[in-house]
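Asker: Have a look at this prediction, sequence included:
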Amino acid sequence: MAHYASACPETITSAVESACAAPSVHNVQPWSWRLQRGQLNLYVDRRRSIPVEDPDGRQLIISCGGALHHLRIALEHNLLEPIVTILPDHSEPDLLASITFRGRAHPEGSSAALFSSLERRRTDRRPFDAPPVGSMGALSHGAKEFGTSMTTLARQYGSMMEHASAITAQEHRNDPQYWNELEEWIRSAGSDEGIPRDALPDALSSHESASARAFPSGHLKIERDARDHAALVLLSTPSDAPIDWLNAGLALSSVLLHATASHLASCPLTHLTEVEASREIVRDVASRSGETFQNPQVMIRIGLLPHSKETEMEDADSGADEPVASGRRAIEDVLTIVH
């Protein structure tokens with residue numbers, strides 16, 4: 001495989017920094033990168049696992065898939081085409097991808113908008129207004145590229161989703177190991193990992209969303225009894241193996257970045273697919289909504305913030321009232337360069 005001369009360590013380091021802006025479950029950032037002789041390897045770092053909530057490591061690998069897609073966008077913006085080999089060594093299952101590089105003459109048509117979205121995207125736990133009619137169809141094309149199907153769950157099955165949420169909540173309610181693990185990843189402002197407490201609703205704030213995970217009380221104030229009209233979309237895969245989890249992460253990143261580029265707010269959700277009984281209900285709702293793949297992986301709330309409708313887009317573009325940004329680990333903690 002030919003390597004492009006401009007794929008210097010500085011360029012790759014910059015791309016990895018952009019890749020690490022990807023969302024991850026509870027912002028654990030479970031990725032480790034190694035650059036050697038013009039090849040970049042992506043590993044899942046199981047030292048950053050959440051074994052009570054995610055005993056199989058499915059959510060860790062989905063998170064790494066998101067970082068891999070972010071890397072691709074950053075490289076393409078710099079006129080480098082990543083040549084990606086998924087799960088290249090069966091004897092080394094934590095090696096998720098190997099990437100080499102070659103140059104390209106022109107950027108992809110959408111690369112500038114998506115590259116800009118890498119830094120602008122935020123996980124927003126506030127209630128949303130409904131997204132514009134027709135906007136979900138455009139987002140689904142990015143998921144298909146990675147063998148993943150995106151389905152908008154029909155609102156008529158809202159009571160079933162409420163039941164799935166109740167099952168998950170009951171599973172966790174009296175489990176001190178779950179709450180201890182979750183609390184470990186709730187951090188104060190300025191931390192380079194975990195969920196900022198400022199990004200979580202406080203004890204007096206609530207909104208009617210069956211899709212919201214119950215977190216420890218935070219500092220985010222939400223209008224009491226505000227209603228959430230977000231579209232609830234599901235990413236599903238044809239099977240349920242590590243390659244599907246990685247593809248689901250690639251698709252998740254694509255959907256989130258395209259949503260951000262379209263001035264839509266978003267919030268990934270994992271709790272409704274982490275308990276098998278609730279995951280089965282999600283599977284049923286997806287099937288009734290037209291989904292044919294039988295393995296639900298991750299859900300996403302997508303919509304407009306009440307202040308950022310198209311008639312008020314200038315205010316949204318100004319950056320006012322943005323959700324709190326979560327921290328990121330230093331590049332030297334996630335990237336090893338072997339000279």
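Answerer: Right, received. Where do you want to start?
Asker: When you work out contacts or count neighbours from here on, use the C-alpha atoms and nothing else.
Answerer: OK.
Asker: ok, now which ones touch residue 33?
Answerer: Residue 33 sits next to 16, 40-43, 334-336 when contact means Cα atoms under 8 Å, 6 or more residues apart in numbering.
Asker: Helices of the stretch 151-300 of the chain, start to end?
Answerer: Assigned by DSSP state H, counting those that start in this stretch, the helices in the stretch 151-300 of the chain fall at 158-173, 176-184, 242-261, 276-288.
Asker: Residue 24 is nearest to which of these?
Answerer: Closest approach to residue 24 among these is made by helix 242-261 (9.4 Å; Cα to Cα).
Asker: to the chain's geometric centre, what's the distance from the closest one?
Answerer: Centre-to-centre, helix 242-261 and its host chain are 7 Å apart (Cα atoms, centre = their mean, to the nearest Å).
Asker: I'd like the mean pLDDT over that helix, please.
Answerer: Mean per-residue pLDDT for helix 242-261: 97.
Asker: cool, and stretch 186-202?
Answerer: On average, the pLDDT along stretch 186-202 is 90.
Asker: can you pull the alpha-carbon coordinates of that stretch into PDB?
Answerer: Taking Å, rounded to 0.1, in the frame of the first residue of the first chain, the C-alpha atoms of stretch 186-202 are listed here in PDB:
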ATOM      1  CA  ILE A 186     -20.000  12.400  36.700                       C
ATOM      2  CA  ARG A 187     -17.400  15.100  37.000                       C
ATOM      3  CA  SER A 188     -17.000  18.800  38.000                       C
ATOM      4  CA  ALA A 189     -16.400  21.500  35.400                       C
ATOM      5  CA  GLY A 190     -13.000  21.400  33.800                       C
ATOM      6  CA  SER A 191     -12.500  17.700  34.000                       C
ATOM      7  CA  ASP A 192     -11.000  16.100  30.900                       C
ATOM      8  CA  GLU A 193     -13.300  13.000  31.000                       C
ATOM      9  CA  GLY A 194     -16.800  12.000  32.200                       C
ATOM     10  CA  ILE A 195     -20.000  14.000  32.000                       C
ATOM     11  CA  PRO A 196     -19.900  17.500  33.400                       C
ATOM     12  CA  ARG A 197     -22.500  17.900  36.200                       C
ATOM     13  CA  ASP A 198     -23.400  21.200  34.500                       C
ATOM     14  CA  ALA A 199     -24.700  19.200  31.500                       C
ATOM     15  CA  LEU A 200     -27.200  17.200  33.700                       C
ATOM     16  CA  PRO A 201     -30.600  18.400  34.800                       C
ATOM     17  CA  ASP A 202     -30.900  19.500  38.400                       C
END
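Asker: buried stuff in that stretch?
Answerer: 186-187, 192-202 (16 or more other Cα atoms under 10 Å).
Asker: got JSON lines for these, with distance to residue 173 too?
Answerer: As requested, the buried residues of stretch 186-202 are exported to JSON lines (distance: Cα to Cα, whole Å):
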{"residue": "186", "distance to residue 173": "18"}
{"residue": "187", "distance to residue 173": "21"}
{"residue": "192", "distance to residue 173": "28"}
{"residue": "193", "distance to residue 173": "25"}
{"residue": "194", "distance to residue 173": "21"}
{"residue": "195", "distance to residue 173": "20"}
{"residue": "196", "distance to residue 173": "22"}
{"residue": "197", "distance to residue 173": "20"}
{"residue": "198", "distance to residue 173": "23"}
{"residue": "199", "distance to residue 173": "22"}
{"residue": "200", "distance to residue 173": "18"}
{"residue": "201", "distance to residue 173": "18"}
{"residue": "202", "distance to residue 173": "18"}
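Asker: Of those residues, which belong to strands?
Answerer: 186-187, 195-196 (DSSP state E).
Asker: Which one of these is nearest to residue 300?
Answerer: Nearest to residue 300 out of those is residue 195 (Cα to Cα; 17.3 Å).
Asker: Give the bridge partners for that closest one, please.
Answerer: Note on residue 195: beta-bridge partners by DSSP bridges are residue 186.
Asker: contacting residues around it?
Answerer: Here residue 195 is in contact with 26-27, 185-187, 326 (criterion: Cα under 8 Å, 6+ apart).
Asker: 6 Å instead, please
Answerer: By Cα atoms under 6 Å, 6 or more residues apart in numbering, the contact set of residue 195 is 26-27, 186-187.
Asker: Look up which residues are beta-bridged to the nearest residue to residue 41 once chain neighbours are set aside.
Answerer: Spatially, and ignoring its direct neighbours in sequence, residue 41 is nearest to residue 98 (4.5 Å; Cα to Cα, 6 or more residues apart in numbering). According to DSSP bridges, the partner residues bridging residue 98 are residue 41, residue 85.
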